[in-house]
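Whatever this is, show me its structure:
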Amino acid sequence: MRVLPIRQTCRVLAVGALIGLSCPALAWELAGTQTITLEGRDGVEIPIGSVSFRPEGARTAFVLHLDHARFKDFFLSMREFKCLEGPEVFCHVPYPHRNPATVTRGDLAWLEHALLFLHKSPAEFGARLWNGVYYRMQVTPDGIVGIARAVDLNHIGAPPDDAGVPPYQSADTSDIDPASRWLGRLKIR
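Have a look, this model is predicted:
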C-alpha cells in the first residue's frame with residue numbers, strides 16, 4: 001500500500017493545566033490529477049475526464065483532460081461538439097480564447113470557464129448557446145463541487161478585452177434548480 005503525505009497544521013492548546021492538540025479538518029489540495037464527474041438528478045455519476053493541478057507560486061496551473069470516449073460527436077450549427085446523451089443532450093463548449101488556466105482555492109473562475117456546457121433536447125436541431133450551463137465551483141473538504149447555473153454562451157464568441165480576466169462574473173449567470181438540468185452538479189476529486 002502506498003501512503004501519500006498529507007499537509008496538516010495542528011496547534012497545541014493550553015487551558016489551565018490541560019494541554020491538548022487541535023487539528024483542523026484536512027483541507028483538499030489543488031494538486032495532482034483528479035477525476036471530473038457530472039452527477040445526474042438520479043444520483044448517477046458520470047466520469048468525463050480529469051484535471052491535473054500543478055502549484056506555481058501563489059496560483060495553481062491546471063490542464064483539463066476530457067475522456068472523449070465518453071462523449072458522442074454532434075455536428076450542431078456548423079460546429080462539432082462532444083456531447084453526452086440522456087434526457088438532454090449535454091455538450092462541452094471549450095472556452096475559445098487564451099487564458100492563464102490557473103486557479104486558487106478561492107478563485108476557480110478559469111476552471112469554471114474550462115468546463116462550460118450547453119444543453120438541448122434530443123429533438124432540437126442546432127446549438128443554442130443561450131442554453132449554457134456554468135458550474136459555480138467551490139473547494140470543499142472532499143474536493144471541488146460545482147452547482148449548475150444558467151449562462152448565455154454567446155458572450156464568449158468574441159475575445160475579451162483583457163485575456164487575464166474571466167468574462168463570466170456572478171452577475172452574468174442565473175440561479176437554476178440543479179434538478180432542472182439532467183447533470184446539475186459537477187465534482188472533482
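
what about the helix or strand hosting residue 75, average pLDDT?
Using DSSP states H and E, residue 75 sits in strand 72-76. Average pLDDT, strand 72-76: 81.

Neighbouring strands of that strand in the sheet, and parallel or not?
strand 79-85 (antiparallel) (DSSP bridges).

Please compute how far the strand it pairs with lies from its chain's middle.
Offset of strand 79-85 from its chain centre (CA atoms, centre = their mean, to the nearest Å): 18 Å.

got a list of contacts for it?
38, 46, 48, 66, 68, 70-75, 89-93, 118, 122, 127, 183 (CB atoms under 8 Å, 6 or more residues apart in numbering). Every C-beta, even on glycine, is put in place using the N, C-alpha and C of the backbone.

Which strands or helices does whichever helix or strand comes after that strand pack on?
Per DSSP H and E, strand 79-85 leads on to strand 89-93 as the next helix or strand towards the C-terminus. Here strand 89-93 touches strand 72-76, strand 79-85, strand 116-120, going by 3 or more CB pairs under 8 Å, 6 or more residues apart in numbering; DSSP states H and E.
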